[in-house]
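Trainee: Below are the sequence and a predicted model for it; my questions follow.
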Amino acid sequence: MVILKSKHEIEAIRKACQVVAECHRTIAPLIKPGITTNEIERIFEDIMLKHGAKPYQKGYRGYQYATCASANDVIAHGFPSNKPLEEGDIVTIDTVAELDGWLGDSAWSYAVGQISPMAEKLMRVTKECLDLGIEQAQPGNRLGDVTSAIQRHAESHGFGVVRDLLAHGIGRDLHEEPTYMHVGKPGKGPRIKEGMVFTIEPMITEGTYLMTIDPDGWTARTMDNKLAAQYEHTIAITAEGPQILTAQ
């Protein structure tokens, strides 16, 4: 069942989302060759604690970290580590903050130094997919309008759209209804209604959309070991259209 949120509840979610946005704003200029994802992890956790928020992912289903740090061929759920990022890497940092019982969720891909033209194109197209999806998240539209816009744009550039990891509603819980893949047909799927709060988080791949899970049980990797990128916002549906709660 989709839980519609009141304006007051949306504002409470926005506060959690803005803690996440501050985390991303803070690390963006710091991501350079030599930084480790463990350093990024500590920065995120410090910012959350400063605001009285909690890193919700830590302990979630046994996950041990405040962030997911997914480099190059890792699509999602990579573990932070002490391995320095290198020139030419791309890395996605994903996190969820809990503030006063409400959750905010956002992932962002970052270039590490000078990256290849293919990596640049993949990141650009993935961000465009997010923006096109948000444009279609209008009250009265259907989720298929969102997902088909994402799929059409990614595939028109020869890229894959991951199917096995889902976007989701969010509020008091991390994974509320609706849960959905970023592929679909226009005019199909659940109706988008005022008061809905959910993520749009396309994971786009240079090659195949198929993935594998590492022996750690978490790290999702492209099956062909080609690059992946992801951009994610938490949005609220209002009478005026979608509002980006995690806007940076």
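Mentor: Sure, I can see it.
Trainee: and the helix or strand where Thr179 lies, how far from the chain's centre?
Mentor: With the criterion set as DSSP states H and E, the secondary-structure element containing Thr179 is strand 176-180. Taking the mean of its C-alpha atoms, strand 176-180 sits 14 Å from the chain's own mean (C-alpha atoms, centre = their mean, to the nearest Å).
Trainee: outside of it, which residues touch it?
Mentor: Strand 176-180 is contacted by residues 1-3, 143, 147, 166-170, 189-190, 196, 198 when judged by C-beta atoms under 8 Å, 6 or more residues apart in numbering. Any C-beta I mention is one placed from the backbone N, CA and C, and that applies to glycine too.
Trainee: Apply 6 Å and report the result again.
Mentor: Residues outside strand 176-180 that contact it (C-beta atoms under 6 Å, 6 or more residues apart in numbering): Met1, Val2, Ile3, Leu143, Leu166, Ala167, His168, Gly169, Pro190.
Trainee: Now that strand: buried residues?
Mentor: Of the residues in strand 176-180, those buried by neighbour count under the rule 16 or more other C-beta atoms under 10 Å are Glu176, Pro178, Tyr180.
Trainee: on that earlier part again, among the contacts of strand 176-180, which are located in helices?
Mentor: Leu143 (DSSP state H).
Trainee: From the contacts of strand 176-180, list the buried ones, please.
Mentor: Burial by neighbour count, judged by 16+ other C-beta under 10 Å, picks out Val2, Leu143, Ala167, His168, Gly169 from these.
Trainee: Out of the residues you listed, which is nearest to Pro55?
Mentor: Closest approach to Pro55 among those (C-beta to C-beta): His168, at 18.2 Å.
Trainee: got a pLDDT number for the residue nearest to Arg14 when sequence neighbours are not counted?
Mentor: Taking C-beta to C-beta, 6 or more residues apart in numbering as the measure, Arg14 lies nearest to Leu245, with 4.6 Å between them; neighbours along the chain are not counted. Note on Leu245: pLDDT of 98.
Trainee: Then Gly171?
Mentor: Per-residue confidence (pLDDT) for Gly171: 98.
Trainee: swap in the one 10 residues further on?
Mentor: pLDDT, the model's per-residue confidence, is 98 for Met181.
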